[in-house]
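Participant: Sequence and predicted structure are below.
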Amino acid sequence: MPDSPIHVEHLCKYYSVHHKDPGLIGSLKSFVWRKYTDVKAVDDISFTIHAGEIVGFLGPNGAGKTTTLKVLSGLLYPTRGSARVLGFTPSERRAAFLRQITLVMGQKQQLAWDLPALETFLVNAAIYEIPDEQFKRTLNELTELLDLAPLLKKQVRKLSLGERMKCELAAALLHRPQILFLDEPTIGLDVTMQTKIRQFVREYNERYGATILLTSHYMADVTALCQRVIVIDHGKLLYDGDLHALAEKLAPHKLIRVEFSQAVESARLHAYGTVVKARAQRAELLVPREAISEVTAQMLAQLPIADVTIEEPPIEDVITRVFEQAARARAERGEATEEDE
Amino acid sequence: MTMLHKYAALLRRAMGLMLEYRASIVIWMLTGVMPLVMLAVWFALSEDGPIAGYAQNDFVSYYLLLTLTRQLTNVWVIWELDYEIRHGDLSIKLLHPINPIHEYIASHLADKVFRLWVLLPLAVLAWLIFPTIHYDVTPLTLTLFLLTLAVAWLLRFLSQYCFGILAFWISEAITLNEIWFAGMLMLGGVVAPLDLFPAPVAAIANYLPFRFMLSFPVEIMLGRMTPTDVVTGLFVMCGWLAFFTLLYRWLWRKGIRQFSAFGA
C-alpha cells in the first residue's frame, strides 16, 4: 500500500446550474432562454491523506464535502485538478479500484428493501469476487462487531433506521476495502447508535489499517474519531491539520469556569475577561490564551473562589467561528454569500 | 466462470424479489394480451374464408404463439433506469465493480423464469381448447425459434436500454420509448401478421427492427417463409443486434460522462 493512498491536487468541481423563475412565465422563459451559472462546489482544494488515517471532513451544507467524496470514489469527474486514490484515477472506475474502496452515503441505500440483508451480502460477495472463506470470516467479524446476528434474516424494510445503517455498513465493508469514504454515516441515528457506529469505525480502522475520510454534522463523530480535520466552506479549504491545534489557532480564548463561595456581582468580573455567563455563585469567562495563568492567579487572589476549571471552548463554537470569519472575509471581498447551493 | 457465478447470485436475489411481487407480475402479464384482442378481431373477419392465405386456424396459431413470444420478450428496464438516473440512485450501482446492465439483465431473466411457470399450463390449456393449431415443428425450426426468441428479447432490451440512457440528458426518455413501443405494435406483427400488409409496407417492415423484436420467431414456427427469407431475416436480425449493442456502448460511455459531470 502506498504511504499516501489519497492525493488531491488543485481539485475543482464546477456545476453549471440553470435558474428558473417560479410559475408558468418562468418556465416558458427558461424554455426559450436558459440562464446558466457556474456553481463552484469544490474550488482548488489540495490535500494528502496517509495510510491508516481517519480524517474528518467538516463544513456546512453545500460546502463541497459530498462532492469531494464523490470525486474520490469515481462518481464525478473533476472539472480541473487531479485526484489519485491508491494510484488510480477514480473517474476511470476500474474494477480493481472499486474493489478496494467503499462509499457509504447515510442518505442512500444499497440493500434490497424487500429482502433480508443477507441476500444483498451474498450478491456483493459474488460481484466483488470475495473468496468463500474470506466472506465467511469477514461476515462473522462484522456480525460480532455490529451485533448483526438477529438482523441478517429479517426483511430490510422491517429494520429500524439504526439497524439498517449497521447492515448498510456491513454490506459496504464485506470486501474489506482499504479506503472508506463515509458521508454522514450517523445521520438520523439516536445517540446510543451513533456511539456504536463510531466505535465500529474505530475498530475497523484498527483491525484492517483502513484509511477513512468521514463527513458528519455531528461534531462528536469527528472529535471521537479524528485527530486530523479538513475544514472546507464554499468549496475552499480553510484548515487542514490537527483538531486540537485548530482550537488553539482559531480560538484565541480559553474558558474559565469559576464557582464562588459567596455571591459576586457580575460587574466585578468584567475586569478579568469577557463574561459569558454570570449567576450569583457561578461564572464563565473567556480569557485570551496568553493571559490565562496571570488572570487565574489574580482571580484566585482577589475573589472568593471555591473552584476553578480552565477549558478549551467547545469545538462546535470554534468551527462556527471559522465559518463566520470566512463569511465575513467573503463579504469584505464583495462575493455573494448565499449559504446553500 | 466468475461471471456465471455473479449471475447466479444476481439471479437468486432477483428471484427472491420476484416471489415477493408475484401477484403484481401476474397483473402485469395481463397487460400483454393485446395479441389476443387482435386474434378475436381477425378470427371474426376470417369467418367467411381465408384472408391473404390466413384461415381462422392460422390466425389462432399465429396469435397464440405471438402472445407467448410477447410475454417472454417483455422488457421494463427503462422505468428503473430512468428513475435511478434522475434520482441519483444509479450512483450506488456505479460503485460496484460490475456494469449495472448485468443487474438489470438478471432481474429480467428472473421475471422470465417466473412467467414460464405461469405460461406453460396456460399454453397446454390453449392447445386443449384449439387442438387444430399447427406449427412447423422440426429440430431446426425449434432451435431457430428459441434462438430468435432470445435475440428478440435482447433487441427489445437493448433498444429500450438506449432510450433509458437518454434520461442522462432529457426528462422525456420514457415518452420517446412509448413511441418506439407503438412502432412495435404496428410493425412488429401485433396489429396484423406482416404479410397481410400492403406489399410496399411489408417490404419495408421486413427490414425494420420491430419485426425482429416480436413476430420473426413466430413466422419461423408458422413455416410460411422460404428458406431464403429465413436466412435473410437472420442476417438482418444480427445486423440490428450489432447496431443496438454498439449504440448502447456508445451512449452509455457518453451518458456516464454526463452523469459524472453533472451531479451523480
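Facilitator: Everything's here; your move.
Participant: any low-confidence regions in chain B?
Facilitator: Confidence mapping of chain B against pLDDT under 70 gives the ranges B:1, B:262-264.
Participant: Quick check: longest helix in it by residues?
Facilitator: The helix that spans the most residues within chain B, counting by DSSP state H, is helix B:227-262.
Participant: For A:V229, list the residues it contacts.
Facilitator: A:V229 makes contact with A:55-58, A:222, A:239-243, A:246 under the criterion Cβ atoms under 8 Å, 6 or more residues apart in numbering or on different chains. Where C-beta positions appear, they are placed from N, C-alpha and C, glycine not excepted.
Participant: just those now: which is nearest chain B?
Facilitator: A:F57 (17.5 Å; Cβ to the nearest Cβ).
Participant: What is the three-state secondary structure of the closest one?
Facilitator: The three-state label given to A:F57 by DSSP: H, G, I helix; E, B strand; the rest coil is strand.
Participant: Surely it is in contact with A:H217?
Facilitator: No. No contact is recorded between A:F57 and A:H217 when judged using Cβ atoms under 8 Å, the distance being 11.2 Å.
Participant: Look at the two and report which has more neighbours.
Facilitator: Taking neighbours as other Cβ atoms under 10 Å in any protein chain shown, A:F57 and A:H217 compare with A:F57 leading, 24 against 15.
Participant: Alongside chain A, which residues does the stretch 1-150 of chain B contribute?
Facilitator: By the rule Cβ under 8 Å from any Cβ of the partner chain, the part of the stretch 1-150 of chain B lying against chain A is B:2, B:5-6, B:8-10, B:12-13, B:16-17, B:20-21, B:88-89, B:91-92, B:94-98.
Participant: What sits closest to A:V222 if chain neighbours are left out?
Facilitator: Using Cβ to Cβ, 6 or more residues apart in numbering or on different chains and skipping the chain neighbours, the partner closest in space to A:V222 is A:G56 (3.7 Å).
Participant: Please read off the pLDDT at the one you found from the model.
Facilitator: The confidence metric pLDDT takes the value 94 at A:G56.
Participant: ok, what's across the strand from it?
Facilitator: Applying DSSP bridges to A:G56 gives these bridge partners: A:L214, A:V229.
Participant: neighbours of it, just the number please.
Facilitator: A total of 23 residues lie near A:G56 under the criterion other Cβ under 10 Å.
Participant: cool, A:I292 as well?
Facilitator: With other Cβ under 10 Å as criterion, A:I292 counts 16.
Participant: quick one: the strands in chain A?
Facilitator: In chain A, strands defined by DSSP state E lie at A:6-19, A:35-49, A:54-58, A:80-85, A:101-105, A:179-183, A:211-215, A:228-233, A:236-242, A:253-260, A:274-278, A:282-288, A:305-311, listed in chain order.
Participant: Tell me which other helices or strands the second one touches.
Facilitator: Under the contact criterion of 3 or more Cβ pairs under 8 Å, 6 or more residues apart in numbering or on different chains; DSSP states H and E, strand A:35-49 touches strand A:6-19, helix A:65-72, strand A:80-85, strand A:228-233, strand A:236-242.
Participant: Next: the first one.
Facilitator: Helices and strands touching strand A:6-19, by 3+ Cβ pairs under 8 Å, 6+ apart, are strand A:35-49, helix A:65-72, strand A:80-85.
Participant: Out of these, which one sits most buried?
Facilitator: Of all the helices and strands packed on strand A:6-19, helix A:65-72 has the most neighbours on average by mean count of other Cβ atoms under 10 Å in any protein chain shown, namely a mean of 26.
Participant: who's in contact with that helix?
Facilitator: Around helix A:65-72, the neighbours that count as contacts under Cβ under 8 Å, 6+ apart are A:6, A:8, A:11, A:13, A:41-42, A:45, A:57-59, A:76-78, A:83, A:85, A:90-91, A:103, A:105, A:181, A:183, A:213, A:215, A:232, B:91, B:264.
Participant: now stretch A:119-137
Facilitator: Contacts to stretch A:119-137, defined as Cβ under 8 Å, 6+ apart, come from residues A:99, A:110-112, A:138-139, A:152, A:156, A:170-171, A:174-176, B:2, B:5-6, B:8-10, B:12-13, B:16, B:96-98.
Participant: Just the buried positions in that stretch, please.
Facilitator: Within stretch A:119-137, the residues scored as buried using 16 or more other Cβ atoms under 10 Å in any protein chain shown are A:119-128, A:130, A:135.
Participant: Any chance of a markdown table for those residues, columns pLDDT?
Facilitator: Shown next, in a markdown table, are the buried residues of stretch A:119-137 (pLDDT from 0 to 100):
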| residue | pLDDT |
| --- | --- |
| A:E119 | 94 |
| A:T120 | 94 |
| A:F121 | 96 |
| A:L122 | 95 |
| A:V123 | 95 |
| A:N124 | 96 |
| A:A125 | 96 |
| A:A126 | 95 |
| A:I127 | 95 |
| A:Y128 | 96 |
| A:I130 | 95 |
| A:F135 | 96 |
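Participant: Any buried residues in the longest helix of chain B, and which?
Facilitator: Of the residues in helix B:227-262, B:230, B:233-234, B:236-237, B:240-241, B:244, B:248, B:251-252, B:255-256, B:258-261 count as buried by neighbour count, 16+ other Cβ under 10 Å.
Participant: If we check chain A, which of those are in contact?
Facilitator: Among the buried residues of helix B:227-262, proximity to chain A is found for B:260-261 (Cβ under 8 Å from any Cβ).
Participant: so how far is B:V124 from B:M221?
Facilitator: B:M221 sits 17 Å away from B:V124 when distances are taken as Cβ to Cβ, to the nearest Å.
Participant: which of those two has more neighbours?
Facilitator: Neighbours were counted for B:M221 and for B:V124 using other Cβ under 10 Å; B:M221 has more, 21 against 10.
Participant: host element of the residue lying closest to that one once chain neighbours are set aside?
Facilitator: Sequence neighbours aside, B:Y135 is the residue nearest to B:M221 in space, at 4.5 Å (criterion: Cβ to Cβ, 6+ apart). No secondary structure element spans B:Y135, as it lies outside all helices and strands (assigned by DSSP states H and E).
Participant: can you pull the contacts of B:Y135?
Facilitator: Taking Cβ under 8 Å, 6+ apart, one finds B:61, B:65, B:141, B:221-223 in contact with B:Y135.
Participant: Identify the farthest-apart pair in those residues.
Facilitator: With distances taken as Cβ to Cβ, the most widely separated pair in the contacts of B:Y135 is B:S61 and B:T141, at 13.2 Å.
Participant: higher neighbour count, those two?
Facilitator: When B:S61 is set against B:T141 and neighbours are counted by other Cβ under 10 Å, the residue ahead is B:S61, at 23 against 17.
Participant: can you pull the contacts of the closest residue to A:T37 other than its chain neighbours?
Facilitator: Counting by Cβ to Cβ, 6+ apart, A:T37 lies nearest to A:V17, which is 6.0 Å off, once chain neighbours are set aside. A:V17 makes contacts with A:36-39, A:341, as judged by Cβ under 8 Å, 6+ apart.
Participant: What separation do you get for A:V17 and A:I130?
Facilitator: When distance is defined by Cβ to Cβ, A:V17 is 40 Å away from A:I130.
Participant: returning to what we had before: just send the helices and strands packed on strand A:6-19 back as a markdown table, with mean pLDDT too.
Facilitator: Formatted as a markdown table, the entries for these read as follows, by pLDDT from 0 to 100:
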| stretch | mean pLDDT |
| --- | --- |
| strand A:35-49 | 89 |
| helix A:65-72 | 93 |
| strand A:80-85 | 95 |
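Participant: and the ones you listed as a markdown table, adding distance to A:E324?
Facilitator: Formatted as a markdown table, these follow (distance: least, Cβ to Cβ, whole Å):
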| stretch | distance to A:E324 |
| --- | --- |
| strand A:35-49 | 19 |
| helix A:65-72 | 18 |
| strand A:80-85 | 28 |
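Participant: Sounds good, over and out.
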